[in-house]
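S.K.: mind folding the following:
(one chain, ligands or ions: 2)
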Amino acid sequence: MFELCASILAADFANLARDVQIADSAGADAFHIDIMDGHFVPAISFGIDMVRTMSRLTSKPLDVHLMVESPLLFLPGLAGLGVTRVSVHYEIPGGPDDALQAICSAGMQAGLVLNPETPVKAALPYLKDISQLLLMTVQPGRGGQIYLPGSDEKIATACSMLQAQRSNAVIQVDGGITSSTLPGAYSAGARSIVAGSAVFHGKIKENISKLRNNSVYTLCH
Ligand code: DX5
Ligand code: ZN
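M.R.: Numbering: from 1, shown residues only. Ligands and ions are numbered 1, 2, ... in the order given. As a prediction, this is how the structure comes out:
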């Protein structure tokens, strides 16, 4: 099986509490919160106040994806809110070293994010620090995009690299996940799945059942 992280970027913000409660009850394992600063990516989404709101709406783990140029500005606030996991991009100015160290020092799990064009070997120096390797399967910055061709192959390459390095980091995928693209990502080795539109657009409970309903996830690998 896999961990399903429901990305609230696709929720109905006018009914956020309702959508989160339905997804929570329907079996979402965690909630994925995309923080965008308008610099690292063009869009601005939400900040620490949304994470605080989410900590009131659910007791499920919060999985924060920082699409920001300066993650260090956000980390003290996130640590204070009991966030489980924080992922930062490899591509940020100056690199992710300081941010990964700060996440670990604050007692949170650290994730490293690679954009679609960044090769998986870029993660090699960071494997000792991370519990999650997040592979973007669309360009970061907005929801509702198409899963990029070649993503399954990249996941498989990352999976081989992690095994060769004896790393226990979990591969997470983010972007374009649907009940059609998820089996390929899972079979290639992804075990944490971020889904926004496929969870929140339409009937949430039915959407989650549809994402989970494939015998490939119960086979041993
Ligand atoms: C995109 C975000 C994703 C987004 C995914 O930059 O990081 O988390 O919410 O949305 P979907 O699942 O709709 O592609
Ligand atoms: Zn994300």
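S.K.: in this structure, where's the longest helix?
M.R.: helix 151-164 (DSSP state H).
S.K.: residue in the protein nearest to ligand 2?
M.R.: For the chain and ligand 2, the shortest gap (Cβ to the ion) falls at H65, measuring 3.6 Å. Every residue, glycine included, has its C-beta placed from N, CA and C.
S.K.: that residue should be in a strand, yeah?
M.R.: Yes: the assignment for H65 (DSSP: H, G, I helix; E, B strand; the rest coil) places it in a strand.
S.K.: for the worst-scoring helix or strand of the chain on mean pLDDT, which positions count as buried?
M.R.: Sorting the helices and strands of the chain by mean pLDDT, DSSP states H and E puts helix 75-80 at the bottom, at a mean of 95. For helix 75-80, the neighbour count (16 or more other Cβ atoms under 10 Å) marks 75, 78-79 as buried.
S.K.: what strands line up against the following helix or strand past it, and which way round?
M.R.: Next helix or strand after helix 75-80 toward the C-terminus (DSSP states H and E): strand 85-89. In the sheet, strand 85-89 lines up against strand 62-67 (parallel), strand 109-114 (parallel) (DSSP bridges).
S.K.: okay, these in a markdown table with distance to S131 and mean pLDDT next?
M.R.: Output for the strands paired with strand 85-89, formatted as a markdown table (distance: least, Cβ to Cβ, whole Å; pLDDT from 0 to 100):
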| stretch | distance to S131 | mean pLDDT |
| --- | --- | --- |
| strand 62-67 | 11 | 98 |
| strand 109-114 | 4 | 98 |
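S.K.: okay, these, which one's buried deepest?
M.R.: strand 62-67 (a mean of 26; mean count of other Cβ atoms under 10 Å).
S.K.: that strand near ligand 1 at all?
M.R.: Yes: using Cβ under 6 Å from any ligand atom, we find that strand 62-67 touches ligand 1 at H65.
S.K.: send me that strand as PDB with only the CA atoms.
M.R.: What follows is strand 62-67, C-alpha atoms only, in PDB (Å, rounded to 0.1, in the frame of the first residue of the first chain):
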ATOM      1  CA  LEU A  62       0.900  17.600   7.900                       C
ATOM      2  CA  ASP A  63       3.300  17.300   5.000                       C
ATOM      3  CA  VAL A  64       4.500  20.700   4.000                       C
ATOM      4  CA  HIS A  65       6.000  21.400   0.500                       C
ATOM      5  CA  LEU A  66       7.900  24.600   0.500                       C
ATOM      6  CA  MET A  67       8.100  26.100  -3.000                       C
END
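S.K.: which residues sit in contact with the residue of the chain closest to ligand 2?
M.R.: Contact analysis of H65 by Cβ atoms under 8 Å, 6 or more residues apart in numbering lists 32-35, 87, 111, 113, 134, 174, 194.
S.K.: which of those are close to ligand 2?
M.R.: 34, 174 (Cβ under 5 Å from the ion).
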